[in-house]
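In: Structural data only, the sequence is not supplied:
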């Protein structure tokens with residue numbers, strides 16, 4: 001019975017760790033690389049367009065959540081949060 005409890009605890013810890021990592025992966029923003037482009041090409045990982053009180057960097061730029069999407073609206077990008 002003890003081996004089963006240890007194995008079940010290990011599986012639970014692995015599941016928690018994987019879900020914590022996966023939640024950070026989805027926060028990706030695409031921004032312009034030059035002023036004349038209308039397509040977002042540059043990728044910023046660990047950033048969001050939604051207000052984040054723990055963000056360490058805040059930048060005003062043309063950005064979107066869609067890869068290759070139109071980049072015509074000036075947005076505030078919050079990044080570096082934990």
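Out: Noted; the coordinates are in hand. Because the structure is predicted, anything quoted here is derived from the model rather than measured. Numbers count the residues shown, from 1 in each chain.

In: contacts and neighbour counts: CA atoms only from here.
Out: Will do.

In: quick one: low-confidence ranges for the protein?
Out: Residues of the chain meeting the criterion pLDDT under 70: 1, 15, 17-26, 33-37, 81-82.

In: Could you pull out the helices in it for me?
Out: For the chain, the helices defined by DSSP state H cover 2-25.

In: For the closest residue to residue 65 other than its chain neighbours, list the residues it contacts.
Out: Leaving out its chain neighbours, the residue that sits closest to residue 65 by CA to CA, 6 or more residues apart in numbering is residue 29, at 5.1 Å. With contacts defined as CA atoms under 8 Å, 6 or more residues apart in numbering, the neighbours of residue 29 are 43-45, 47-49, 63-66.

In: In PyMOL, how would I select the buried members of the residues you listed?
Out: For the buried members of the contacts of residue 29, the matching PyMOL selection, counting by 16 or more other CA atoms under 10 Å, is:
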select buried, resi 43+47+48+49+63+64+65
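
In: So which of the contacts of residue 29 belong to strands?
Out: Within those, residues falling in strands by DSSP state E are 43-45, 47-48, 63-64.

In: Residue 30 against residue 43, yeah?
Out: Yes. If you go by CA atoms under 8 Å, residue 30 and residue 43 touch, sitting 4.6 Å apart.
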